[in-house]
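# Provided below for reference: sequence and predicted model.
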Amino acid sequence: MGTREPKIVANDVEITIGSKSLKGADIFTIRLVTPAGLETLGSKMGIIATRPLLIMEEYDYENLWNWMEKTLSSCEGETWLDCVAKLKNYFDWEYDDYKEF
């Protein structure tokens, strides 16, 4: 995600995360904004943004990457579902509210 205005950012970041021992991966999403970027978002019922939200003073790829590495390493667990439970504290998971029929 490159940006010409690092102080005005409001984008969803999608990352694919999986277990080393399992085939495949799941998609997780977080909204990345700067304070000025928040002003560009429209509101619904007076609400501008909800979780998951990451606010950076200004967009900086290296700082974002370092935060992602630190956050992801803190979400390790014994099973994939243990990891997912921790990841959901920071990201939306593609299977939230999924119900088998």
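Arrived safely. All values reported here derive from a predicted model rather than from experimental measurement.

# ok, Lys23 to Asp60 distance?
Using C-beta to C-beta, to the nearest Å, Lys23 is found at 34 Å from Asp60. Quick note: C-beta positions are derived from backbone N, CA and C, even for glycine.

# quick one, which of those two is more surrounded?
Neighbours were counted for Lys23 and for Asp60 using other C-beta atoms under 10 Å; Asp60 has more, 13 against 6.

# Could you double-check that the more buried one sits in contact with Val9?
No. Using C-beta atoms under 8 Å, Asp60 is not in contact with Val9, being 10.1 Å away.

# which stretches of the chain form strands?
10-17, 26-33, 53-55, 92-93 (DSSP state E).

# Touching stretch 37-50 from outside, list them.
With C-beta atoms under 8 Å, 6 or more residues apart in numbering as the test, stretch 37-50 has contacts from Lys7, Ile8, Val9, Ala10, Arg31, Val33, Ile55.

# Buried ones in it, by neighbour count?
For stretch 37-50, a neighbour-count test (16 or more other C-beta atoms under 10 Å) marks Gly37, Leu38 as buried.

# about what we covered before: ok, and the most crowded of the contacts of stretch 37-50?
For the contacts of stretch 37-50, the largest number of neighbours (other C-beta under 10 Å) sits with Val33, at 23 neighbours.

# show me what contacts the closest residue to it other than its chain neighbours?
Among residues not flanking Val33 along the chain, Ala10 sits closest, at 4.7 Å (C-beta to C-beta, 6 or more residues apart in numbering). Contact partners of Ala10, counting by C-beta under 8 Å, 6+ apart, are Arg31, Leu32, Val33, Thr34, Gly37, Leu38, Thr40, Leu41.
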